[in-house]
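> sequence and predicted model, in that order:
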Amino acid sequence: MFANLCKASFAVGLLTLAACSPSPSTPVAAKSDADAAKQTPAGPPQPVAAKEAFWKMYTPAHSWAPDLVTIGLKSGEAAGVKNADGKAAIWRAVFGSPSKRQSRTYVYAVADQPPDVLKGIKGQLPEPWGGPTNAVMPFHTGDFSVDSDAAYKTAASKASEWLKQKDNAEKPVSLSLGAAAKYEGPVWAIMFGTSKSGYLALVNATSGEVLSK
């Protein structure tokens, strides 16, 4: 649809130019501007915050299952793109359909990560889903009000002493969003480093408050 709109707008622009009898210098300037735009190289792909990726995945997921519920969201990495400040090159969202009794993972990537991830949005094959459990519960999108960059900032403040230690600030960071029966709503889990050698901070995705270390 976007391509059709662009073609329509371009056609209208051509008709307008044809009706205006511009001076001889006008077409030359327009061509020069167009050539300059083509010569301007596109910047490298940049990581994005969770909400931007989530809503782009939500649209095709809703087409798959209008009764969908959100089960989880997790960051990922792509070669050549540096994740930073709660933004990531790859986001994976898991949605469930109570009527289909299936779950489906969608992936949003700003760059290719061969062999499995390509730039753009891709839905993986549906899998059987038995419904909510105490450990993994779906949550309402309305409760997901704190974006990943804001959650990261809060978590980094909580982990400030750990991050000051030698080499810790250079360790990878992963972010995941999910809900469980023991929490009132969805929670961001921000892991600095690894589970064996790292710091975990939990941030309420509705209020933005730190829950625990």
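Perfect, I can see it now.
> Ala159 and Tyr108, how far apart?
26 Å (Cβ to Cβ, to the nearest Å). Bear in mind the C-beta positions are built from the backbone N, C-alpha and C, glycine included.
> and for Thr59?
From Thr59 to Tyr108 the distance is 11 Å (Cβ to Cβ).
> the two: which is more packed in?
Comparing Thr59 with Tyr108 by other Cβ atoms under 10 Å, the one with more neighbours is Tyr108, at 24 against 10.
> quick one, phi psi at Pro45?
phi -60, psi 140 (degrees, to the nearest 10).
> which ones are touching it?
By Cβ atoms under 8 Å, 6 or more residues apart in numbering, the contact set of Pro45 is Ala78, Gly80, Val81, Ala89, Val110, Ala111, Lys119.
> tell me, how many residues neighbour the residue nearest to the third one when sequence neighbours are not counted?
Closest residue to Val81 in three dimensions, ignoring its sequence neighbours and counting by Cβ to Cβ, 6 or more residues apart in numbering: Ala89, at 3.8 Å. When neighbours are counted by other Cβ under 10 Å, Ala89 registers 26.
> is it true that Ala89 touches Ala109?
Yes: assessed by Cβ atoms under 8 Å, Ala89 is found in contact with Ala109 at 6.4 Å.
> measure Asn168 to Tyr199 for me?
On the measure of Cβ to Cβ, Asn168 and Tyr199 end up 8 Å apart.
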